[in-house]
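In: could you look at this predicted model? Sequence included:
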Amino acid sequence: MARVGIYGATGYTGFELIKLLVRHPEVEIAFATARSAAGQRLSDVFPTMLDTPLVAVEAADLHAVDLIFTCLPHGTSELIPLVQTALEAGKRVIDFSDTFRLTDPDDYARRRGKPHPAPELQSAAVYGLPELHRAQIRQAHLVANTGCYPLSAILPLWPLEQAGLIADRTVIVDSKSGVSGAGRSLGMKTHFGETHETFSAYSVGRTHRHLGEMEQETGLHIIFSPHLLPVYRGILSTIYVTLQPGTTLAQARAAYTVFADEPFIKLLPEGRLPELRHVQQTMFLALGLQPVEIDVGRYIIVAALDNLLKGASGQAVQNMNLMLGFAETMGL
């Protein structure tokens, strides 16, 4: 049995991670930390029957684990020292924040407006997208778990780019996410009264903090418009792309045969487009492809996934399985 620790267990992703790990046949949770809820159990914080004890960060024993998950908010000051300490102790780390996802130090500094706080860790990290970096993840000691919005754009676009079919390097990605994507911290924007029966865009164009991941992994110039849906979980992305003129639907669909053996990617039959209900509470990324004007190569791709599973905690377990030598789909 592998022993794992979870830092930040009372966020939405931490909770989803615990639900997955307690069912995993080869993993035991050694500790789960929380700040304000330390000394309580998970069932005191969430409406669940899981009684996982919650401990203070200071009480977590790094020497008792093989791997840790850091489910902490972006920019948390304690993250870097924690990751450094874990790696120095010979432990493997899967980080949920975007701290280590950008691989180029200059790109990080340009997008964040400051140098990376730990360039030696940035250079050691592997981008945690198994479909693209499976071999590197198996050997990695630090994995930067993929973001949910980026995943919904990278995986639909990457096969077309690899096949040399994309003609216009500027791609429009229009995404809609449930409110759980904003995390569990209180914010006026995600209150029920602010999201119920409305629909809003935010950080549109070239301003969203996860845009860099999309461009890093696809090599494309992306205009990104995220929206907040009045639902709890799920992401649906509509992607507008111009392929080589005359590219037939059969040729475009053939590009996705690179994913034929991927356990969690499903290209829907011709004429069907995914919905959130296809993927909620699952690990699947569902894809649909619709030609608009074949003569000039205009296509629309629709992708849907569960932002808390394939987009976060389930993806982290998939990465953990690779890092610890388990079957990739175990527990998922």
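Out: It's in.
In: pass me the low-pLDDT residue ranges in the stretch 51-200 of the chain, would you?
Out: Counting by pLDDT under 70, the stretch 51-200 of the chain has low-confidence residues at 181-195.
In: for the residue most central in space within the chain, which non-adjacent residue is spatially closest?
Out: The residue lying closest to the centre of the chain (CA atoms, centre = their mean) is Gly147, at 3.1 Å. The shortest distance from Gly147 to any non-neighbouring residue, by CB to CB, 6 or more residues apart in numbering, is to His210 (4.7 Å). Glycine gets a C-beta too; all of them are placed from N, C-alpha and C.
In: buried residues, stretch 232-249. List them.
Out: Applying a neighbour-count criterion of 16 or more other CB atoms under 10 Å, one finds 233-244, 247 buried in stretch 232-249.
In: any idea which of these is closest to Glu26?
Out: Closest to Glu26 out of the buried residues of stretch 232-249 is Arg233 (26.6 Å), distances taken as CB to CB.
In: so what pLDDT did the closest one get?
Out: Listed pLDDT for Arg233 reads 93.
In: now the closest residue to it other than its chain neighbours: how far from Glu262?
Out: In space, Arg233 comes closest to Gly178 once its chain neighbours are excluded; the distance is 4.5 Å by CB to CB, 6+ apart. From Gly178 across to Glu262, the span is 24 Å (CB to CB, to the nearest Å).
In: neighbour count: those two, which is higher?
Out: Shown here are Gly178 and Glu262; by other CB atoms under 10 Å, Gly178 has more neighbours (23 against 16).
In: give me the number of residues near Thr76?
Out: When counting by other CB under 10 Å, one arrives at 14 neighbours for Thr76.
In: got the contact list for the closest residue to it other than its chain neighbours?
Out: Nearest non-adjacent residue to Thr76, counting by CB to CB, 6+ apart: Ser97, 7.1 Å away. By CB atoms under 8 Å, 6 or more residues apart in numbering, the contact list for Ser97 reads 70, 72-76, 79.
In: who wins for neighbours among the residues you listed?
Out: In the contacts of Ser97, the most neighbours by other CB under 10 Å go to Thr70, 25 neighbours.
In: so it touches Gly5, yeah?
Out: No: look at Thr70 against Gly5 with CB atoms under 8 Å: they stay out of range, at 9.3 Å.
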